[in-house]
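S.K.: What shape does this take:
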Amino acid sequence: MFDGLSQRLGSVFDTLTKRGALKEDDVRAAMREVRVALLEADVALPVVKDFVEKATEKAVGEQVIRSVTPGQMVIKIVHDCMVDMLVGDDEAASELNLRAAPPVPFLMVGLQGSGKTTTTAKIARHLQTKEKKRVLMASLDVYRPAAMEQLAALGQQANVITLPIVASQKPVDIAKRAMDEGRKGGFDVVVLDTAGRTTIDQALMDEVTQVRDAVSPVETLLVADAMTGQDAVATATAFQEKVGITGIALTRVDGDARGGAALSMRAVTGVPIKVMGTGEKTDAMEGFHAERIAGRILGMGDVVSLVEKASETIDEEEAERLAKRMMEGQFDLNDLLSQLRQLQKMGDMKGLLGMLPGMGKMAKQIKQADVDPKMIKRQEAMLLSMTPNERRQPALIKASRKKRIASGSGMAVQDVNRLLKQHQQMATVMKQMKKKGLAGMFSGGGMPGAGLGGGLPGGLPQGLPFRGR
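M.R.: Sure, this is the predicted structure:
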């Protein structure tokens, strides 16, 4: 979502860091460029003005001008101002509030089409898997066809219990029944998915207010679509004034929105963004960490999130088995298949690359290289078209077998050749690791033939899935 802003700010800061010393005019000129970049990213004008004033005031100080690395100091100041803009004074406020007697009521509000029902299921799953809470979901949407059935289906996918549907009940009565069931059933949290409208109207606000008064929610989360830009900020402001919200759940952050809405919301509404939806599946959600988001925008990467994602998805036993085989200089096509499957569990390749420090500057090259998310699936299909014996002994795969594998996976012989070459390169690295030892590999000027991750267990395998390699 922040790709455009990240590239624009990256070019501004590149100019600063290339200079050995900075004058006040240099800093002010850079801040003007920062201002333009933020406005182009659809950040609200009052937020931009306040941000640039604070950053400029700190950046033109004598400490920065006389610093050994003035360019880096300016970047740090912009980073700190961005974190302050995103989170404010209380960083703990951006976490979901569970500090109340169970069952803790969560009220989900927002416009129709913002992804409210899916976000309800994502938050419920997050609370159940990460926070180890027993969660009950209930749909209060009696207007949209099959809305209740949709939440029930998502509940089955996420393995979260949903309140049984009773026909003809009104939203307030459903909310009260859900809270009663939560108390009787020993649930820790009850998540209530309210009805939405295509636009804000009095009927919507009255209904949400009645439900709010009936259950006294600890969290009232507004679900806002990042793709709607400043309209999302206007929606958040309206709900805050008429209903009162405690936080924002931002959806479709994996899209190509300019990101200004996300950067504006905290400053304009006074409430923090608490979670972000990063995909369609019920596990595609992450907490909103201002430090990490600012780091991604400024090209510093987000290694913490990358490590967290890896620790959540990677099978430790399998990773240890792979590591042992690699250190013994063994790496067959079964091992490659295992790595590809673990990589798929970690999610979208572009998203993973964006978490690596310095990759923001390479966004254009990555885009031109055209990362194909389906290529890993195709590589998996080729590997599964091989016999177990062929995966154990790749040397057996000659011309006729290549044709059979290509035909069985719907690929071309050239694709099979590329896959085998990728494996051969990784196997060569493994043998060199055994011969020289890990320290010897790096002391000799790096790992020959290794790409991102160098084929390390659980890491990114050599030969990223680019088209036209």
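
S.K.: so where's the stretch 251-400 of the chain shaky on pLDDT?
M.R.: Along the stretch 251-400 of the chain, segments meeting pLDDT under 70 span 254-260, 295-296, 298-330, 343-373.

S.K.: hey, where'd the strands end up in it?
M.R.: Along the stretch 251-400 of the chain, counting by DSSP state E, counting those that start in this stretch, strands occupy 273-277, 285-287.

S.K.: any idea which of those is most buried?
M.R.: strand 273-277 (a mean of 24; mean count of other Cβ atoms under 10 Å). In this view, the C-beta of every residue, glycine as well, is placed from N, C-alpha and C.

S.K.: returning to what we had before: how about the strands of the stretch 251-400 of the chain, which one is nearest residue 248?
M.R.: Across the strands of the stretch 251-400 of the chain, residue 248 has its closest neighbour in strand 273-277 (4.6 Å, Cβ to Cβ).

S.K.: part of a strand, is residue 221?
M.R.: Yes: counting by DSSP: H, G, I helix; E, B strand; the rest coil, residue 221 is found in a strand.

S.K.: hang on, isn't it packed against residue 114?
M.R.: No: under the criterion of Cβ atoms under 8 Å, residue 221 makes no contact with residue 114, lying 11.3 Å away.

S.K.: Now render the strands of the stretch 251-400 of the chain as CSV, adding distance to residue 135.
M.R.: Formatted as CSV, the strands of the stretch 251-400 of the chain follow (distance: least, Cβ to Cβ, whole Å):
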stretch, distance to residue 135
strand 273-277, 14
strand 285-287, 14
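
S.K.: which one of those lies closest to residue 393?
M.R.: strand 285-287 (41.6 Å).

S.K.: Pull up the pairing partners for the closest one, direction included.
M.R.: strand 273-277 (antiparallel) (DSSP bridges).

S.K.: Quick one: residues in contact with the strand it pairs with.
M.R.: 86, 94-96, 115, 118-119, 122-123, 126, 219, 221, 247-254, 262, 265-266, 284-288 (Cβ atoms under 8 Å, 6 or more residues apart in numbering).

S.K.: Spell out for me the PyMOL command that would select the buried members of those residues.
M.R.: The buried subset of the contacts of strand 273-277, as determined by 16 or more other Cβ atoms under 10 Å, is captured in PyMOL by this line:
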select buried, resi 86+94+96+115+118+119+122+123+126+219+221+247+248+249+250+251+252+253+254+262+265+266+284+285+286+287+288
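
S.K.: Tell me which of the contacts of strand 273-277 fall in helices.
M.R.: If you go by DSSP state H, the contacts of strand 273-277 have 86, 118, 119, 122, 123, 126, 262, 265, 266 in helices.

S.K.: now the fourth one, nearest residue through space, not along the chain?
M.R.: Read that as residue 122. residue 285 (4.1 Å; Cβ to Cβ, 6 or more residues apart in numbering).

S.K.: ok, residue 424 to residue 333 distance?
M.R.: 10 Å (Cβ to Cβ, to the nearest Å).

S.K.: who touches both of those two?
M.R.: residue 394.

S.K.: Between those two, which is the more surrounded one?
M.R.: Ranked by neighbour count (other Cβ atoms under 10 Å), residue 424 and residue 333 place residue 333 first, with 21 against 14.

S.K.: May I ask you to confirm that that one is in contact with residue 390?
M.R.: Yes: between residue 333 and residue 390 a contact is recorded at 7.2 Å, counting by Cβ under 8 Å.

S.K.: which residues are common contacts for those two?
M.R.: With Cβ under 8 Å, 6+ apart as the test, residue 333 and residue 390 reach no residue in common.

S.K.: List phi and psi for residue 106.
M.R.: Dihedral angles of residue 106 (phi, psi; degrees, to the nearest 10) stand at phi -110, psi 130.

S.K.: And the pLDDT for it?
M.R.: Here the pLDDT value assigned to residue 106 is 95.

S.K.: measure stretch 235-250 end to end?
M.R.: 12 Å (Cα to Cα, to the nearest Å).

S.K.: Need the residues that contact that stretch.
M.R.: 93-94, 96-97, 108-111, 119, 123, 200, 205, 208-209, 212, 217-224, 226, 228, 261-262, 265, 268-277, 288.

S.K.: Count the neighbours of the closest residue to residue 388 other than its chain neighbours for me.
M.R.: Distances taken as Cβ to Cβ, 6+ apart put residue 334 closest to residue 388, at 7.9 Å, once the chain neighbours are dropped. Look at residue 334: counted by other Cβ under 10 Å, it has 15 neighbours.

S.K.: Distance of residue 334 relative to residue 385?
M.R.: 14 Å.

S.K.: next one: residue 130
M.R.: 38 Å.

S.K.: ok, the two, which is more surrounded?
M.R.: residue 385 (18 against 12).

S.K.: so who does the more buried one touch?
M.R.: Neighbour list for residue 385: 404, 405, 406, 408, 409 [criterion: Cβ under 8 Å, 6+ apart].

S.K.: repeat that for 6 Å
M.R.: Residues near residue 385 by Cβ atoms under 6 Å, 6 or more residues apart in numbering: 405, 408, 409.

S.K.: Tell me where the stretch 51-200 of the chain has helices.
M.R.: Per DSSP state H, counting those that start in this stretch, the stretch 51-200 of the chain carries helices over the ranges 62-65, 70-87, 116-129, 147-158, 171-184.

S.K.: Quick one: those as JSON lines, columns for distance to residue 47 and mean pLDDT too.
M.R.: Below are the helices of the stretch 51-200 of the chain laid out as JSON lines (distance: least, Cβ to Cβ, whole Å; pLDDT from 0 to 100):
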{"stretch": "helix 62-65", "distance to residue 47": "23", "mean pLDDT": "56"}
{"stretch": "helix 70-87", "distance to residue 47": "7", "mean pLDDT": "75"}
{"stretch": "helix 116-129", "distance to residue 47": "24", "mean pLDDT": "92"}
{"stretch": "helix 147-158", "distance to residue 47": "34", "mean pLDDT": "92"}
{"stretch": "helix 171-184", "distance to residue 47": "35", "mean pLDDT": "93"}
